[in-house]
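Novice: give me a model of this one.
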Amino acid sequence: MSEEKPERVDAYLVAGGRYHDIDYARLELLKLLAEHPYIKLKVGSDYEDTDAITGSQFLISYTCDIRPSEEAQIAIREWVEQGGKWLALHGTNSALDLDPPNPVSSPRCFPIWAELLGTQFISHPPIQPFPVQLADPEHWLVQGIEPFETDDELYLCEYHDRDSLHPLLKTEWLGETPGFEESDWQNCDPVHLIMYLKSHGEGEILYNNLGHCRGHWDMTPLGVKYYPNLERCSWEIPQYHELLRRGIRWALGKEA
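Specialist: The predicted structure is shown next:
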């Protein structure tokens, strides 16, 4: 009896942006995707190849300050609505205006995008260890993963219809974020979502905002010729890799 062969799955990876070691993140994601040899992958640095994206079964994105055109936002929204699956990582929901010595601002420049994703990044405290807790311990995407600590950017976001989000990972924090225009987070809801699911029509988005990384030459747009700290954050812990592996299985339509 011949062994049943898996069917080809077309997917698209967007890895691009500023202030991050995109090469490192892209390579790590390619390694994880290569564990499924039947995935046929296209890779881009932005969201503008909408024919290829919407022709795929799933999309994975690791970006920072990539602002898709309105046409791309609408096309991807319609694709998700019709059943597409999108694993969104880290700064996918970010738009940053940096003009030192002025504080970093987060312009509300892509409302379609932010509403589709369910969040928009606003600021984060300095990189430091913080606890990550399970918000839905029975869901297979996090089941069996013990609460853990990670040394990463703790994303503070503006939520669009928070009740529509299915929280999977969370943390609690109140304080200030020096260097950001919107820096006072002392009187907000202390619960911040780290990973969540969001349904949209027939499709779904899985957002995990962990995974900051920065190399020595990623701050040159701000005139920093050599950034002294090599930052790998959650990429250095096994829990993050397990979450990514499960996210890829989810994108493939698996349920465990």
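Novice: for the rest of this, base every contact and every neighbour count on C-alpha atoms.
Specialist: OK.
Novice: need the helices for the stretch 101-250 of the chain, in chain order.
Specialist: 111-117, 238-251 (DSSP state H, counting those that start in this stretch).
Novice: which of those sits closest to Ile53?
Specialist: helix 238-251 (13.8 Å; C-alpha to C-alpha).
Novice: who are the packing partners of that closest one?
Specialist: Applying 3 or more C-alpha pairs under 8 Å, 6 or more residues apart in numbering; DSSP states H and E, one finds that helix 238-251 contacts helix 22-33, strand 85-89.
Novice: which of these is buried the deepest?
Specialist: Greatest average neighbour count among these goes to strand 85-89 (a mean of 24), per mean count of other C-alpha atoms under 10 Å.
Novice: angle of that one against helix 238-251?
Specialist: 160 degrees (axes from the mean of the first three to the mean of the last three C-alpha atoms, to 10 degrees).
Novice: so what pLDDT did Ala256 get?
Specialist: As predicted, Ala256 sits at a pLDDT of 79.
Novice: ignoring the adjacent residues along the chain, who's closest to it?
Specialist: Trp140 (5.8 Å; C-alpha to C-alpha, 6 or more residues apart in numbering).
Novice: and the gap between the one you found and Leu210?
Specialist: 19 Å (C-alpha to C-alpha, to the nearest Å).
Novice: more crowded one of these two?
Specialist: Using other C-alpha atoms under 10 Å as the criterion, Trp140 and Leu210 rank with Leu210 on top: 21 against 14.
Novice: count of neighbours near the closest residue in space to the more buried one that isn't next to it in sequence?
Specialist: The shortest distance from Leu210 to any non-neighbouring residue, by C-alpha to C-alpha, 6+ apart, is to His90 (5.3 Å). The number of residues packed near His90 is 22, by other C-alpha under 10 Å.
Novice: got it, and the one 5 residues further on?
Specialist: Counted with other C-alpha under 10 Å, the neighbours of Ala95 add up to 20.
Novice: and it, how far is that from Asp46?
Specialist: Distance from Ala95 to Asp46, by C-alpha to C-alpha: 13 Å.
Novice: His241 too?
Specialist: With C-alpha to C-alpha as the criterion, His241 and Asp46 are 24 Å apart.
Novice: please identify which of the two sits among more neighbours.
Specialist: In this view His241 and Asp46 are compared by other C-alpha under 10 Å, and Asp46 has more residues nearby, 20 against 17.
Novice: please look at that one and Ala15 and confirm they touch.
Specialist: Yes - using C-alpha atoms under 8 Å, Asp46 is in contact with Ala15, at 7.1 Å.
Novice: just to revisit the earlier point, how about the helices of the stretch 101-250 of the chain in a markdown table, adding distance to Glu231 and mean pLDDT?
Specialist: Rendered in a markdown table, the data for the helices of the stretch 101-250 of the chain read as follows (distance: least, C-alpha to C-alpha, whole Å; pLDDT from 0 to 100):
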| stretch | distance to Glu231 | mean pLDDT |
| --- | --- | --- |
| helix 111-117 | 26 | 98 |
| helix 238-251 | 15 | 98 |
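Novice: Pro37 is nearest to which of those helices?
Specialist: helix 238-251 (12.6 Å).
Novice: re earlier: for Ala95 and Asp46, list the residues in contact with both.
Specialist: Ile66 (C-alpha atoms under 8 Å, 6 or more residues apart in numbering).
Novice: so which residues of the stretch 101-250 of the chain form strands?
Specialist: Taking DSSP state E, counting those that start in this stretch, the strands of the stretch 101-250 of the chain run over residues 119-123, 128-134, 148-152, 156-159, 165-172, 175-176, 184-185, 191-200, 203-208.
Novice: for Leu222, find the nearest of these.
Specialist: Going by C-alpha to C-alpha, the one of the strands of the stretch 101-250 of the chain nearest Leu222 is strand 119-123, 18.0 Å.
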